[in-house]
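Asker: Please find the sequence and the predicted model below.
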Amino acid sequence: DFNFDLEIRLGAGAFVCGEETALINSIEGKRGMPRPRPPFPAHKGIWDKPTLLNNVETYANIPQIILNGADWFAGIGTEKSRGTKVFALGGKINNTGLLEIPMGTTLREVIYEVGGGIPNGKAFKAVQTGGPSGGCIPAAHLDTPIDYDNLIELGSMMGSGGMIVMDEDNCMVDIARFFLDFTVDESCGKCTPCREGTKRMLEILEKIADGKGQPADLDKLESLAKTIKSASLCGLGQTAPNPVLSTLHYFRHEYEAHVNDKKCPAGVCQALLQYLVIPELCKKCGICANKCPVNCIDGVKGKEVYVIRQEDCIKCGACMEACPFKAIKKG
């Protein structure tokens, strides 16, 4: 005769409420901010009563375990990570969407067998797992079995089950900046390491992407990231540096190119771009000059190879898109 009631509460979409004590505050009608532990929610949670907090995905496994038995569930996955995991596969991948896989499936199987590989014949570069505060895993680790321990060892995490695939056209400095910008906005502001530290990290990344970075900025960025990771109050601050630390570890050469050579190898960071006419391919037709919104392309139609005045170029790319002879490149 056991029965119980379910009550659904709609939150405001705050990312920090993925942390259990922030979620408790939100359910109680308070501002969604974490608190130090102990006391742990299992002893003193919602309205000071013992509380069990888990993801909906975790609870969804319970009926199947009751119906099929614990041995059935334990027979799926790996020794330390049992069962299956739902991932949201997106980014530079042919088959996007939700997928459920047994723990222990390799990243390669997910990306190339389930996901169908990278569109347009592009090369795989990295996959970011665990949501906005997960790390970026390079091609060298594609054969890693997916479980909680392996992802943490690679500088990422399981997290919410996000899986964003990147190809050769992605800039890893820009990727780190994109995800850090999100966590800066979502920080609740309660603890100083997260509130202030993530902002300083974002400023350094923006400085590097704008071509104003110095070699010392890379060491400063890494040191700041490790401090924030160890000193923040909750999981948001503790994981926010992951995209930066993982890209610094696996793609440091891209950071160094931005800092030392003032170039973005992927041609993404706009401040470091140059559009250049390839003389041997230029047909002297003037199409690029006609499409330029700021009239910064010089040449005489039919007589001269066209030249782009870099000091006036706004780097919009209209010339490269317009040229039918592929005579303009990003450099």
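Answerer: Now that the structure is in, tell me what you want to look at.
Asker: where does residue 221 land in three-state SS?
Answerer: Secondary structure, DSSP: H, G, I helix; E, B strand; the rest coil: residue 221 is helix.
Asker: if you skip the residues just before and after it, what's nearest to it?
Answerer: Counting by CB to CB, 6 or more residues apart in numbering, residue 221 lies nearest to residue 204, which is 4.9 Å off, once chain neighbours are set aside. For the C-beta atoms, the positions are set from N, CA and C on the backbone; glycine is no exception.
Asker: buried ones in whichever strand or helix holds that neighbour?
Answerer: Using DSSP states H and E, residue 204 sits in helix 192-209. Within helix 192-209, the residues that count as buried by 16 or more other CB atoms under 10 Å are 193-195, 197-198, 201-202, 204-209.
Asker: With pLDDT added, can I get those in a markdown table?
Answerer: Shown next, in a markdown table, are the buried residues of helix 192-209 (pLDDT from 0 to 100):
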| residue | pLDDT |
| --- | --- |
| 193 | 96 |
| 194 | 96 |
| 195 | 96 |
| 197 | 96 |
| 198 | 97 |
| 201 | 97 |
| 202 | 97 |
| 204 | 97 |
| 205 | 97 |
| 206 | 97 |
| 207 | 96 |
| 208 | 97 |
| 209 | 95 |
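Asker: Tell me the one of these nearest residue 230?
Answerer: Nearest to residue 230 among these is residue 193, at 8.3 Å by CB to CB.
Asker: Convert the C-alpha atoms of stretch 298-306 to CSV, please.
Answerer: C-alpha atoms of stretch 298-306 as CSV (Å, rounded to 0.1, in the frame of the first residue of the first chain):
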residue,chain,number,x,y,z
ASP,A,298,42.9,48.2,-55.0
GLY,A,299,43.6,47.3,-58.6
VAL,A,300,42.7,48.0,-62.3
LYS,A,301,40.3,45.6,-63.9
GLY,A,302,41.9,43.4,-66.5
LYS,A,303,45.4,44.9,-65.9
GLU,A,304,46.5,44.5,-62.3
VAL,A,305,46.4,41.9,-59.6
TYR,A,306,44.2,43.2,-56.9
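Asker: Flag every buried residue along that stretch.
Answerer: Residues of stretch 298-306 classed as buried under the neighbour-count rule (16+ other CB under 10 Å) are 299, 306.
Asker: just how off-centre is that stretch within its chain?
Answerer: Going by CA atoms, centre = their mean, to the nearest Å, the spacing between the C-alpha centre of stretch 298-306 and its chain's C-alpha centre is 44 Å.
Asker: swap in stretch 240-248?
Answerer: Centre to centre, stretch against its chain (CA atoms, centre = their mean), the figure for stretch 240-248 is 9 Å.
Asker: Now residue 300. Nearest residue, chain neighbours left out?
Answerer: Counting by CB to CB, 6+ apart, the nearest residue to residue 300 once its immediate chain neighbours are dropped is residue 284, at 7.8 Å.
Asker: do residue 268 as well
Answerer: Closest residue to residue 268 apart from its sequence neighbours, by CB to CB, 6+ apart: residue 171 at 3.7 Å.
Asker: OK, contacts around the one you found?
Answerer: Residue 171 is in contact with 254, 264-269, counting by CB atoms under 8 Å, 6 or more residues apart in numbering.
Asker: on that earlier part again, doesn't residue 304 make contact with the residue nearest to residue 300?
Answerer: Yes - Residue 284 is within contact range of residue 304, at 6.2 Å (criterion: CB atoms under 8 Å).
Asker: which residue ranges form the strands in the stretch 201-331 of the chain?
Answerer: Using DSSP state E, counting those that start in this stretch, the strands found in the stretch 201-331 of the chain span residues 275-277, 297-298, 307-308, 328-330.
Asker: go on, the stretch 1-150 of the chain?
Answerer: Taking DSSP E, counting those that start in this stretch to define them, one finds strands in the stretch 1-150 of the chain at 84-91, 97-102, 124-129, 136-138.
Asker: between the ones you listed, which gets nearest to residue 225?
Answerer: For the strands of the stretch 1-150 of the chain, the distance to residue 225 is smallest for strand 136-138, at 13.5 Å, taking CB to CB.
Asker: Give me the mean pLDDT for the closest one.
Answerer: Averaged across strand 136-138, the pLDDT comes to 97.
Asker: Paired strands for it, with orientation please.
Answerer: strand 124-129 (antiparallel) (DSSP bridges).
Asker: and the angle from the partner strand to strand 84-91?
Answerer: Orientation check (axes from the mean of the first three to the mean of the last three CA atoms, to 10 degrees): strand 124-129 against strand 84-91 gives 130 degrees.
Asker: what's the spacing between strand 124-129 and its chain's center?
Answerer: 9 Å.
Asker: cool, and stretch 88-103?
Answerer: Taking the mean of its C-alpha atoms, stretch 88-103 sits 15 Å from the chain's own mean (CA atoms, centre = their mean).
Asker: For it, buried residues please.
Answerer: Across stretch 88-103, burial judged by 16+ other CB under 10 Å covers 89, 91-93, 99, 101-103.
Asker: Mind listing what's buried along stretch 44-60?
Answerer: 45, 51.
Asker: if we can go back for a sec, take the strands of the stretch 201-331 of the chain and write them to JSON lines, including mean pLDDT.
Answerer: Below are the strands of the stretch 201-331 of the chain laid out as JSON lines (pLDDT from 0 to 100):
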{"stretch": "strand 275-277", "mean pLDDT": "93"}
{"stretch": "strand 297-298", "mean pLDDT": "95"}
{"stretch": "strand 307-308", "mean pLDDT": "95"}
{"stretch": "strand 328-330", "mean pLDDT": "90"}
